[in-house]
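Participant: The following comprises the amino acid sequence and a computationally predicted model.
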Amino acid sequence: MNPIRLGVNIDHIATVRNARGGDHPDPLRAARAVLAAGADGITMHLREDRRHIRDADVHAVKAAIAAPLNLEMAATGEMVRIALEVRPHACCLVPEKRTEVTTEGGLDVVAQHATLAPVVAALRAGGIRVSLFIDPDPKQLEASAAIGAPVVELHTGAYALGLPGELERLRAAAVSAAELGLECHAGHGLTFANTPPVAAFPEIRELNIGHFLVGEAVYVGLYAVIRRMKAIMDAARLLPPG
Ligand code: PXP
């Protein structure tokens, strides 16, 4: 089987912790729990406003886990400095607006080439695998390859909202990512119900999923949720795509 990895985004463990201002629940404990359940990596978004994950969380998780850490961040000087200090396995560059509830759209790699190119270069020089979070758009894929990013993460938000034609756009984008030599990841808004068609695309090597998994864990626990999502992804891999 062509394997597919699950990166679990633990931001919302920190959201719950921060609601009370103490240290419970602890994102590091959650990271250990999801890895024990079979997750392949940990994803954390250090937002500029530190609304959930804080700098200390990133350092604590990096120091304590051997699995790949994927740090989501805006392409700013501050974040590049932090990434080069922490040295995560990967950095996923995302657009960030202070007023948004979550990452609303993909990066505009075409329009922001001048800003993104030095960030991609600095992170790569630091030995960090760079991923660009983009909409499944051919122009963005070409620009991502041209800028020298080895990985793209396709924004699945529009698909998750059920918008017509979005699964087809994801399929076409995954195929062209592979043709351009880009490793292809995907994420945003994925659930038990809508993950299988995306996980079935053989070009997609990793899914990063957070909000649904943390929410569902309220009912059945992190361990059960991660086991079930891994089983769903593995089963989808055995299906013909589409
Ligand atoms: N990938 C990226 C780049 C994201 O910004 C997010 C949201 O933080 C996710 C994946 C996970 O999205 P969700 O929390 O909706 O599963």
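Facilitator: Happy to help now that I have it.
Participant: A helix includes K97, no?
Facilitator: No - per DSSP: H, G, I helix; E, B strand; the rest coil, K97 lies outside any helix segment and is coil.
Participant: count of neighbours near it?
Facilitator: The tally of other residues near K97 (other CB atoms under 10 Å) stands at 11. (Each C-beta comes from the backbone N, C-alpha and C, glycine too.)
Participant: what sits against it?
Facilitator: Residues near K97 by CB atoms under 8 Å, 6 or more residues apart in numbering: E104.
Participant: at 6 Å instead, please
Facilitator: When contacts are counted by CB atoms under 6 Å, 6 or more residues apart in numbering, K97 touches no other residue.
Participant: what's the spacing between it and A74?
Facilitator: As for K97, its distance to A74 is 9 Å (criterion: CB to CB, to the nearest Å).
Participant: repeat for R228
Facilitator: 32 Å.
Participant: can you list the weak-confidence ranges in this structure?
Facilitator: 98, 240-242 (pLDDT under 70).
Participant: Which residues of it lie near the ligand?
Facilitator: By CB under 6 Å from any ligand atom, the part of the chain that sits against the ligand consists of 9, 11, 45, 72, 92, 94, 102-103, 133, 153, 187-190, 208-212.
Participant: Now, of these, which are buried?
Facilitator: 9, 11, 45, 72, 92, 94, 103, 133, 153, 187-190, 208-212 (16 or more other CB atoms under 10 Å).
Participant: related to what we said a few turns ago, quick check: helices, which of the residues of the chain next to the ligand are part of them?
Facilitator: Among the residues of the chain next to the ligand, DSSP state H puts 11, 211-212 in helices.
Participant: Relative to the ligand, which of these is nearest.
Facilitator: Of all those, the ligand sits closest to H211, with 3.4 Å by CB to the nearest ligand atom.
Participant: From what I see, L35 and P68 are in contact.
Facilitator: No - assessed by CB atoms under 6 Å, L35 is found out of contact with P68, at 10.2 Å.
Participant: picking up where we left off before, in strands only, show me the residues of the chain next to the ligand.
Facilitator: Among the residues of the chain next to the ligand, DSSP state E puts 9, 45, 72, 92, 133, 153, 187, 208-209 in strands.
Participant: could those be laid out in a markdown table, adding distance to A122?
Facilitator: As requested, those are arranged in a markdown table below (distance: CB to CB, whole Å):
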| residue | distance to A122 |
| --- | --- |
| N9 | 24 |
| H45 | 19 |
| E72 | 17 |
| C92 | 15 |
| F133 | 18 |
| E153 | 19 |
| G187 | 24 |
| N208 | 22 |
| I209 | 28 |
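Participant: and which of the residues you listed is nearest to G181?
Facilitator: E153 (15.7 Å; CB to CB).
Participant: May I have the residues that are in contact with that closest one?
Facilitator: 92, 131, 133, 185, 187 are the contacts of E153 under CB under 6 Å, 6+ apart.
Participant: can we see that at 7 Å?
Facilitator: If a contact means CB atoms under 7 Å, 6 or more residues apart in numbering, then E153 has 92, 131, 133, 185-187, 208 as its contacts.
Participant: and stretch 120-134, how far apart are its ends?
Facilitator: From its first residue to its last, stretch 120-134 covers 14 Å (CA to CA, to the nearest Å).
Participant: residues of that stretch that come out buried?
Facilitator: 120, 122-123, 126, 128-134.
Participant: what's the answer for stretch 33-46, then?
Facilitator: 33-35, 37, 39-46.
Participant: Among those, which ones are in strands?
Facilitator: 41-45.
Participant: In which helix or strand does A143 reside?
Facilitator: Applying DSSP states H and E as the criterion places A143 in helix 138-147.
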